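> 3D, please:
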Amino acid sequence: MMSAAHSAFILIVATTIAMINISSTSMWHFPNGRCTSVGVPCRNYHNCTGICNCILYRDTTGVSKICMEPGYNPLHMIMY
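Below you'll find the model as predicted:
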């Protein structure tokens, strides 16, 4: 039988793994934004819906191109 401490540890580990798997792009929100496909993978501007930039995005998995709101350019993004 599992003790309460062991159960709590398993719960913390499972929650941590679940949080790591959540894409950071799903957390971006621009309430008055012109790009309606923020965080969606893109090959060029034609893959994005709305007025967007196709930007190189660096994260823990590597580099990918995603649709992003125009004017949003933090240090971990490069204009494509």
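> every contact and neighbour count from this point should use C-alpha atoms.
Will do.
> what's near enough to touch residue 64?
Contact analysis of residue 64 by CA atoms under 8 Å, 6 or more residues apart in numbering lists 41, 56-58.
> apply 10 Å and report the result again.
By CA atoms under 10 Å, 6 or more residues apart in numbering, the contact list for residue 64 reads 41-43, 54-58, 77.
> in the helix or strand harbouring it, what counts as buried?
For residue 64, the element it lies in under DSSP states H and E is strand 62-68. By neighbour count on 16 or more other CA atoms under 10 Å, the buried set for strand 62-68 is 65-68.
> quick check, nearest of these to residue 30?
When the buried residues of strand 62-68 are compared for distance to residue 30 (CA to CA), residue 68 wins out at 9.9 Å.
> which stretches of this structure form strands?
Assigned by DSSP state E, the strands in the chain fall at 53-59, 62-68, 77-79.
> for the record, mean pLDDT for the first one?
Same thing as strand 53-59. Confidence for strand 53-59, expressed as mean pLDDT, is 84.
> turn the strands of the chain into JSON lines, including distance to residue 33.
Converted to JSON lines, these look like this (distance: least, CA to CA, whole Å):
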{"stretch": "strand 53-59", "distance to residue 33": "12"}
{"stretch": "strand 62-68", "distance to residue 33": "10"}
{"stretch": "strand 77-79", "distance to residue 33": "18"}
